[in-house]
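K.L.:
Okay, predicted coordinates and the sequence, questions at the end:
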Amino acid sequence: MQTLREVLEDAERRHIAVGHFNFSDLAALKAIVEAAREARVPVLVGVSEGERAFLGTRQAAALVASLRNENGFPIFLNADHTHSLAKAEEAAKAGFDEIIFDASFLPWEENVAETRRAVEAIKSINPSILVEGEIGYIGTSSEILDKTPEGMGALTTPEEARQFVEATRVDVLAPAVGNMHGMLKTMVEGVAEKRLDIPRIAAIKAAARVFMTLHGGSGTNDGDFTRAIKAGITIVHINTELRLAWRRGLESALARDPDAVAPYKILPGAVEAVKQVVRSRIDLFNSQ
Ligand code: G3H
Ligand code: ZN
């Protein structure tokens, strides 16, 4: 089976992107896997520190390993937005394929120093783990928001990207290019969309020369996704849209049968709703 690096190299060559979908329960993971299997594409699944606290770090790794070992399904696990070295080392030892060491909340010099330290520590545990670093502020939560998070606005420059990658030796870079974590209520209502700075993405890619991830994918304009992938994005993260679908699917299932108590009869409603979102994003990211 291909490694994650090989999957990303292949995606980069073909100007497509690998979808990265977060999960915090078995219903969402089942939905992601079913959608990717049906579309016959590799997939990245991610668990943030909060999602890991709920699921268990080693338990998330065991779940994904069992799915991968079943018929060699190409599913890869990412330790999303990891803010401390201890949590990064825990994920590396648990067998994660990628770790996002996110020190973007720190001043520039500290972000560079901490990320460099994390790259060395993670690679010393397992050199094949891909390490991603982040620059710029794009908000922190995959939730429905009343307003744009404070402090957003400054976008990554190509020169910052070049310096950061050179100094830290990350394998993957997450820049700020108009993206934002979470969805504004107007985005949920379908009257607003996130718009990306495509020329900037192309310039950052040319300067950084590493894989690039687009975080905060929920609520993004479809055409911008396609153009961003052509310009150099190889991984796209989606979370809030899945959480919203999970909740709506659950609510509809309960509304259909208000007396239902068996989780395995109620939760398929959530699985189906999440699966539809994952499939539509996968189809878009894989269209050439
Ligand atoms: O790491 C997670 C993502 O960047 C998700 O962002 O909730 O806006 O889709 P999103
Ligand atoms: Zn993110």
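P.N.:
Yep, that arrived. Ligands and ions are numbered 1, 2, ... in the order given.
K.L.:
Show me which residues of the stretch 101-250 of the chain are close to ligand 1?
P.N.:
142, 181-182, 215-218, 237-240 (Cβ under 6 Å from any ligand atom). Backbone N, C-alpha and C define where each C-beta goes, glycine included.
K.L.:
TSV for these, including pLDDT and distance to Leu44?
P.N.:
Below are those laid out as TSV (pLDDT from 0 to 100; distance: Cβ to Cβ, whole Å):
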residue	pLDDT	distance to Leu44
Ser142	97	15
His181	98	17
Gly182	98	20
His215	98	12
Gly216	98	15
Gly217	98	12
Ser218	98	16
His237	98	9
Ile238	98	11
Asn239	98	12
Thr240	98	17
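K.L.:
Could you give me the PyMOL syntax to select whichever of those residues are buried?
P.N.:
Buried residues among those (16 or more other Cβ atoms under 10 Å), as a PyMOL selection:
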select buried, resi 142+181+182+215+216+217+218+237+238+239+240
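K.L.:
Met1 contacts Gly72, doesn't it?
P.N.:
Yes. Assessed by Cβ atoms under 8 Å, Met1 is found in contact with Gly72 at 4.8 Å.
K.L.:
could you show me where the strands are in the stretch 51-200 of the chain, in order?
P.N.:
Assigned by DSSP state E, counting those that start in this stretch, the stretch 51-200 of the chain shows strands spanning 75-82, 98-101, 130-134, 144-145, 172-174, 183-184.
K.L.:
Is the last one positioned near ligand 2?
P.N.:
No. Under the criterion of Cβ under 5 Å from the ion, ligand 2 is not reached by strand 183-184; the shortest gap measures 13.0 Å.
K.L.:
circling back to that earlier point, same list, the residues of the stretch 101-250 of the chain next to ligand 1, but as JSON lines with distance to Thr156 and secondary structure please.
P.N.:
Below are these laid out as JSON lines (distance: Cβ to Cβ, whole Å; DSSP: H, G, I helix; E, B strand; the rest coil):
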{"residue": "Ser142", "distance to Thr156": "20", "secondary structure": "coil"}
{"residue": "His181", "distance to Thr156": "15", "secondary structure": "coil"}
{"residue": "Gly182", "distance to Thr156": "19", "secondary structure": "coil"}
{"residue": "His215", "distance to Thr156": "12", "secondary structure": "coil"}
{"residue": "Gly216", "distance to Thr156": "13", "secondary structure": "coil"}
{"residue": "Gly217", "distance to Thr156": "17", "secondary structure": "coil"}
{"residue": "Ser218", "distance to Thr156": "20", "secondary structure": "coil"}
{"residue": "His237", "distance to Thr156": "16", "secondary structure": "strand"}
{"residue": "Ile238", "distance to Thr156": "20", "secondary structure": "strand"}
{"residue": "Asn239", "distance to Thr156": "21", "secondary structure": "coil"}
{"residue": "Thr240", "distance to Thr156": "22", "secondary structure": "helix"}
